[in-house]
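Participant: Need coordinates for the following:
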Amino acid sequence: QAISAKGPIRLSRCLARPPSRRFARRDPGFREMAAAPPQLTKEQAKEALDEAIAIFEQPANYDRLKAMIEEINAMPGDEMQKKMMKMTKLMPEVAGMLEAPMAKHGFGKNDLMAGMMQIQMHSMTDPDMQAKAKRVMDAVQGNFS
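Facilitator: Now for the predicted structure:
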């Protein structure tokens with residue numbers, strides 16, 4: 001069968017439409033996921049980064065993360081397994097610590113990583129921010145110095 005010239009146009013219109021209201025009603029998290037994350041200014045990114053560093057430097061938080069890393073490193077297994085364990089155990093802990101400062105700027109649990117990526121993008125033009133962003137990303141990966 002031949003497809004008419006209008007066929008692809010109609011298909012593209014169909015694909016360009018937003019999902020139905022019925023779908024949005026069935027999935028309560030849909031609206032939050034579909035919304036674009038807020039955009040940080042460089043000043044907001046600096047502020048969030050400074051707050052994150054202050055949170056990680058609190059002795060209780062630092063000790064908790066350090067203990068988690070030591071526990072993972074003591075487990076049997078190869079380096080790849082340990083790296084995966086760090087991501088599955090450490091990432092939620094770090095995200096929980098960063099939730100409050102990121103919420104000030106409009107980020108929730110679902111778009112926290114988008115906020116961290118924006119901070120990294122802003123830090124590329126500022127050496128001071130770059131060093132701080134590296135410390136935060138190292139903490140996420142379980143590397144403390």
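Participant: Need phi/psi at His105.
Facilitator: Torsion angles at His105 (phi, psi; degrees, to the nearest 10) stand at phi -100, psi 10.
Participant: element containing the spatially closest residue to it that is not a sequence neighbour?
Facilitator: Setting aside the residues directly before and after it, His105 is nearest to Gln44 in space (Cβ to Cβ, 6 or more residues apart in numbering), at 5.5 Å. All C-beta spots, glycine's among them, are computed from the backbone N, C-alpha and C. Taking DSSP states H and E as the criterion, Gln44 maps to helix 42-57.
Participant: got the buried residues for that helix?
Facilitator: Gln44, Ala45, Lys46, Ala48, Leu49, Glu51, Ala52, Ile55, Phe56 (16 or more other Cβ atoms under 10 Å).
Participant: Also stretch 70-89?
Facilitator: For stretch 70-89, the neighbour count (16+ other Cβ under 10 Å) marks Ile72, Lys82, Met85, Lys86 as buried.
Participant: my guess is the second one meets Glu71, correct?
Facilitator: Read it as Lys82. No: using Cβ atoms under 8 Å, Lys82 and Glu71 do not qualify as a contacting pair, with a distance of 10.5 Å.
Participant: Quickly list what's touching both of these two.
Facilitator: When contacts are counted by Cβ atoms under 8 Å, 6 or more residues apart in numbering, the set common to Lys82 and Glu71 is empty.
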